[in-house]
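> pasting the structure only:
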């Protein structure tokens, strides 16, 4: 319910990147002159939504085989905490699709 009330109207976000930016699942960059450094996820966020999505992603990894497969693949390249942020972004994309199309969520679909 928190997710629906915080997002209000899913149509107000033109694409997934805008939605992820609102939630706070985008990388933060520190740039000066010629150098650009990515410093993790941004501090600008909707704190409740990001917390809900991260926690939901841990549960989704246990329940959805496709997300588990993606999580295991990501864990080979990075830490589990960084991988779960990527999974949260995938989960947000699925939530966006369900809200836009008014269709039921289908687990075990590889994106």
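Nice, I can see it. Note that this is a predicted model, so its numbers are computed, not measured.
> where does pLDDT dip in the chain?
For the chain, the stretches with pLDDT under 70 are 37-39, 109-111.
> report the central residue of it.
residue 89 (1.8 Å; C-alpha atoms, centre = their mean).
> for residue 26, give me phi and psi.
Here is the backbone geometry of residue 26 (degrees, to the nearest 10): phi -110, psi 150.
> that one contacts residue 16, correct?
No. The pair residue 26 and residue 16 fails to qualify as a contact (C-beta atoms under 8 Å) at a distance of 10.4 Å. For the C-beta atoms, the positions are set from N, CA and C on the backbone; glycine is no exception.
> of the two, who's got more company?
Counted by other C-beta atoms under 10 Å, residue 26 and residue 16 do not tie: residue 26 has more neighbours, with 18 against 14.
> could you check how far the more buried one is from residue 75?
Going from residue 26 to residue 75 by C-beta to C-beta, to the nearest Å gives 21 Å.
> also residue 16?
To residue 75, residue 16 is 23 Å away according to C-beta to C-beta.
> what's next to the helix or strand hosting residue 22, contact-wise?
If you go by DSSP states H and E, residue 22 is part of helix 16-23. The contact list for helix 16-23, computed with C-beta atoms under 8 Å, 6 or more residues apart in numbering, reads 7, 10, 13, 26, 42, 45-46, 49-50, 53, 89, 92-93, 96.
> what sits against the closest residue in space to residue 28 that isn't next to it in sequence?
Leaving out its chain neighbours, the residue that sits closest to residue 28 by C-beta to C-beta, 6 or more residues apart in numbering is residue 42, at 4.2 Å. Counting by C-beta under 8 Å, 6+ apart, residue 42 touches 21, 24, 26-28.
> which of those residues has the most neighbours?
Comparing those on neighbour count, residue 24 comes out first with 21 neighbours (neighbours: other C-beta under 10 Å).
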